[in-house]
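J.: Give me the fold of what follows.
(2 chains)
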Amino acid sequence: MDETLAIRVRSASGSLPHTDSDASHIRRSLHDPTAFTVVFERHADPIHRYVARRLGGDVADDLTAETFTVAFRSRRRYEMSRADALPWLYGIATNLIRAHRRSELRRLRGRPSSPRMPVEDVTADRADARLTAEAQRAHLYDALRQLSARHRDVLLLYAWAELDYGEIAAALNIPVGTVRSRLSRARARLRCALITTDGDRERWMS
Amino acid sequence: MDELTLLRESRPQAAPMSSAARARARKRLLQEARRDRRRPGASGVVIALATLAALALVGHLTYVAVSQRDEVAAVTSPAPSSDGKALRELIAHARPAEVVVPPDDQYVYLRQKVVAKPVRQSGGEPRTYIDETWRSVDQSRPTRSSEVGRTWVTPPSDGANWPFPRDRMRELAGHPQRLLAAAAETGPGDPLTREAERTAYFTLSALLDPRQAAPADLRRTALEALAGLPDLRLRHGLDDANGRPAIAIRLAGPLHSQTTLLDPETLAFLGIAHTTAVGRSRGDMDVVTAVLEVAAVRQIGERP
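T.: Below you'll find the model as predicted:
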């Protein structure tokens, strides 16, 4: 397709492409409010997944609903040139997550479960590897907990929600340069925590 | 392994949103939507009354009431582009298209093919989807849509039909200037700003989509109104997702609009084209659609 004809429509990160942009449905919803349900149907799953990872499943149900309610109320201010609404929704969800900061810190202290190796794969070597991985993960969550909220937001939008720099900037309404610097600083702190706590710099850096 | 990889691999497990939670969230959103509709500031009637009152204050009320409504409603737009003139030529010589317009209380059924091709070779394999839609013509009943494999139901619209109620569609047919003003959401005599032009393009191109079930003469009127947009661009030599030759129209400019694909001979709607980013790992995709079948049916789930 000719580049001049190609219309760039940002779609859900990792999700399937849409045949109509979110902006078109948001614009429609200014006349027909129920049209906003299309945006909900498209993006409820990634938003729920993101919130659940940060705050747990129980809070995620309510907070996802709240995210879309807030989005609906503020849709008149939506920048219609942004075809994909997902970064905007992540931004709203992130703002709502901040009100649950203590819950998030408690959750990180409790080290929420992540995907594990199947039981049949647990040989002695793999068991060692798992222990190492578990220890690293524990240090990782400790480091995440010690990050400031703004650094944690940028880092988790990048690593867990898989937004790119521009999308994070749009989500948090900050310049792309700020995203880069916050991400760089957050990564450095994580790296530092892992090296320090691991006590084996060479193994970590290899 | 670096810290970012470890962080990604250590993502906490997240159970999918349950259907009960999804239903609760959807219900909450719909309640909010209904409240919004009842809010006086959002009411079209109130806006219309306010507009009329303002016009009365400046002495235009009598003028509005006269029969020359086309001139009153017309926006002040610059001259059409050369592409707009070319589109007018095509409209003048177009063969009549077969148009499916079910009765207001029925459904328009549409089946379409969607092809998503990676822009770069590394972006993965092309994917093809078949989507189906059952759209309530007057939007008094639920509409069911499937989109690249996912299905959902949109509730009835409670009368605030988009883009226009059925009666309004019939009124606007044959009046491209009035339709342009209505689609641009501008006041009488207002200049056609870039934003208003974008709004108009969006609504007018939507009227060409068979899912809107616009009357045949309104589709032609929408094309004539589109031809009057100063930033309209027209291009020959493209194909829709089914390999049919098409002409493409879109709006020029730095902001994005959807490309609409039309049959070169009848100017019937064939599909749309756009480029979509589907995440960093998979890269951008060129998405092209093709309408495969349109029919009038009586209920959701019925196929011709």
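J.: quick one: low-confidence ranges for chain A?
T.: In the prediction, chain A carries residues with pLDDT under 70 at positions A:1-19, A:111-133, A:196-206.
J.: Kindly report the same for chain B.
T.: B:1, B:37-79, B:119-123, B:148-149, B:158-160, B:188, B:253-257, B:275-285.
J.: Domain ranges for it, per the record?
T.: Domain assignment for chain B by automatic domain parsing gives B:16-66, B:80-297.
J.: ok, A:Arg102 to A:Leu108 distance?
T.: For A:Arg102, the distance to A:Leu108 (C-beta to C-beta, to the nearest Å) stands at 11 Å. Placement of C-beta: from N, CA and C, glycine included.
J.: Looking at those two now, which is surrounded by more residues?
T.: Neighbours were counted for A:Arg102 and for A:Leu108 using other C-beta atoms under 10 Å in any protein chain shown; A:Leu108 has more, 20 against 8.
J.: Can you tell me, leaving aside adjacent residues, what's nearest to that one?
T.: Excluding its sequence neighbours, the residue lying closest to A:Leu108 (C-beta to C-beta, 6 or more residues apart in numbering or on different chains) is A:Arg145, at 4.3 Å.
J.: ranges for the strands of chain A?
T.: A:8-10 (DSSP state E).
J.: Would you confirm that B:Trp162 contacts A:Arg28?
T.: Yes - applying C-beta atoms under 8 Å, one finds B:Trp162 in contact with A:Arg28, separated by 4.9 Å.
J.: overlap in contacts of the two?
T.: The contact sets of B:Trp162 and A:Arg28 overlap at A:Ala35 (C-beta atoms under 8 Å, 6 or more residues apart in numbering or on different chains).
J.: Start and end of stretch A:25-42, how far apart?
T.: End-to-end distance of stretch A:25-42 (C-alpha to C-alpha, to the nearest Å): 11 Å.
J.: Other residues contacting it?
T.: Here stretch A:25-42 has contacts from A:12, A:15, A:18, A:20, A:22, A:68, A:71-72, A:75-76, A:78, A:80, A:85, A:89, B:25-26, B:29-30, B:32-34, B:36-37, B:44, B:139, B:145, B:147, B:150, B:152, B:154-158, B:160-163, B:199, B:202, using C-beta under 8 Å, 6+ apart.
J.: How about residues contacting the helix or strand B:Glu132 falls within?
T.: If you go by DSSP states H and E, B:Glu132 is part of strand B:127-136. The contact list for strand B:127-136 (C-beta under 8 Å, 6+ apart) reads A:16, A:19, B:107-116, B:142-149, B:156, B:211-213, B:241, B:292, B:297, B:299-303.
J.: among these, which ones are buried?
T.: Burial by neighbour count, 16 or more other C-beta atoms under 10 Å in any protein chain shown: within the contacts of strand B:127-136 this picks out A:16, A:19, B:107-116, B:142-148, B:211-213, B:241, B:300.
J.: Verify the stated contact: A:Ile47 with A:Leu89.
T.: Yes - with contact defined as C-beta under 8 Å, A:Ile47 reaches A:Leu89; the gap is 5.5 Å.
J.: overlap in contacts of those two?
T.: Shared contacts of A:Ile47 and A:Leu89, defined by C-beta under 8 Å, 6+ apart, are found at A:67-68.
J.: what number of residues lie near the nearest residue to A:Ala85 once chain neighbours are set aside?
T.: Excluding its sequence neighbours, the residue lying closest to A:Ala85 (C-beta to C-beta, 6+ apart) is A:Asp22, at 3.7 Å. Neighbourhood size, A:Asp22 [other C-beta under 10 Å]: 26.
J.: Please name the residues that touch A:Asp22.
T.: Counting by C-beta under 8 Å, 6+ apart, A:Asp22 makes contact with A:38-39, A:42-43, A:83-86.
J.: Can you tell me which of those residues lies closest to chain B?
T.: A:Ala83 (5.5 Å; C-beta to the nearest C-beta).
J.: shouldn't that closest one be in contact with A:Asp20?
T.: No - using C-beta under 8 Å, A:Ala83 is not in contact with A:Asp20; the gap is 9.3 Å.
J.: out of those two, which sits in the busier spot?
T.: Neighbours per residue (other C-beta under 10 Å) separate A:Ala83 from A:Asp20, with A:Ala83 holding more: 24 against 20.
J.: Against B:Phe202, how distant is the more buried one?
T.: A:Ala83 is 11 Å from B:Phe202, by C-beta to C-beta.
J.: again, but for B:Leu87
T.: Counting by C-beta to C-beta, the separation of B:Leu87 from B:Phe202 is 17 Å.
J.: The two: who's more crowded?
T.: Remark: of B:Leu87 and B:Phe202, B:Leu87 carries more neighbours, 25 against 21, as counted by other C-beta under 10 Å.
J.: mind listing the helices in chain A by residue range?
T.: Here chain A has its helices, by DSSP state H, at A:22-29, A:36-55, A:57-73, A:86-98, A:101-109, A:124-146, A:149-159, A:165-172, A:176-198, A:201-205.
J.: Generate TSV for these, with distance to B:Pro102 as supplementary columns.
T.: Shown next, in TSV, are these (distance: least, C-beta to C-beta, whole Å):
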stretch	distance to B:Pro102
helix A:22-29	21
helix A:36-55	22
helix A:57-73	31
helix A:86-98	34
helix A:101-109	51
helix A:124-146	56
helix A:149-159	45
helix A:165-172	40
helix A:176-198	49
helix A:201-205	66
